[in-house]
Every structure is written in C-alpha cells, then in structure tokens.
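Asker: Build the 3D model from these lines:
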Amino acid sequence: EVQLVESGGGLVQAGGSQRLSCAASGFTFDDYAVGWFRQAPGKELEGISFSCISSYDDSTFYEDSVEGRFTISTDSAKTTVYLQMTSLKPEDTAVYHCAALSRAGCPLRKATYWGLGTQVTVSS
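Answerer: So this is what the prediction gives:
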C-alpha cells in the first residue's frame, strides 16, 4: 500500500526545535518532489508547500517565513524526508502534512500522495 506517514510533532516552547519525518511506504522518493504544507488553526490548508525538496531536479524551496529556521533533507535511501525546525514561533502552530508528486520540482502546488498530518504546537 502506498502511503505517507508523518511523525515528530508535539508541544514545544517558543524558540525550541523539533524534527518532523515523512516516511514513504510502498514507493521511494526517487524522482519525486516532497513538500511540507501546514494548516494553522481556523485556516485552510496552504496551497503551496512552505518547504520542498526534489530529487527530480535537485531543488529545494523555503517560504520566506521559514527560510533560515527550517531545513529539509532526505535520507540516502530516499524513503524519508526530514524537516528540522528551529527557532519555533507560536505562529508555526499547525497541522503539518507532507505530500509527494512524481517528476516535479519545487515548490509543490499539488500532489499525488498526502499524509494525514502531525500536530505541532508552539507555546509562548
């Protein structure tokens, strides 16, 4: 069965760090773009990935709001994408979803596969 599973969310204090993982099952991320999207409380899911990594065109992308604070990476087997988050702010509180699209670059605006999400809560 093809699926994406996020993990690593939880409660963290402002200024703290957290690492999210997006694990692929049933396929690998070879020639895929993998993006992270988030849905803040009371808001819709963002339409563009705020961070993305693509093995298809060797690109990465960070939205201005996370540039310099978040780092996206993938393991050598291309089965897991990580999102290292530092200097977290209360406004980073959201459900974080990963998504994947074959033969695509970054950022992602659509995807074939989506994870169910992991909650990140940043307390002030």
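Asker: Who's the closest spatial neighbour of the residue nearest to the spatial centre of the chain, skipping the chain neighbours?
Answerer: The centre of the chain sits closest to Trp36, judged by C-alpha atoms, centre = their mean, with a distance of 2.6 Å. In this structure, Trp36 finds its nearest non-sequential neighbour in Ser51, 4.6 Å apart by C-beta to C-beta, 6 or more residues apart in numbering. From N, CA and C alone the C-beta is placed, and that goes for glycine too.
Asker: is it true that the one you found touches Ser65?
Answerer: No - judged on C-beta atoms under 8 Å, Ser51 makes no contact with Ser65 at a distance of 10.1 Å.
Asker: Give the residue spans of this structure that score low on pLDDT.
Answerer: The chain contains no residues with pLDDT under 70.
Asker: Now do the phi/psi pair for the residue nearest to Ala77 when sequence neighbours are not counted.
Answerer: Spatially, and ignoring its direct neighbours in sequence, Ala77 is nearest to Thr28 (7.0 Å; C-beta to C-beta, 6+ apart). Main-chain dihedrals, Thr28, degrees, to the nearest 10: phi -120, psi 170.
Asker: list the contacts for Thr28?
Answerer: Remark: with contacts taken as C-beta atoms under 8 Å, 6 or more residues apart in numbering, Thr28 is in contact with 77-79.
Asker: between those residues, which is closest to Pro41?
Answerer: Comparing the contacts of Thr28 against Pro41 with C-beta to C-beta places Thr79 closest, at 31.0 Å.
Asker: Does that closest one touch Cys22 like I think?
Answerer: No - if you go by C-beta under 8 Å, Thr79 and Cys22 don't touch, sitting 9.7 Å apart.
Asker: who has more neighbours, these two?
Answerer: Per other C-beta atoms under 10 Å, whichever of Thr79 and Cys22 has more neighbours is Cys22, with 28 against 15.
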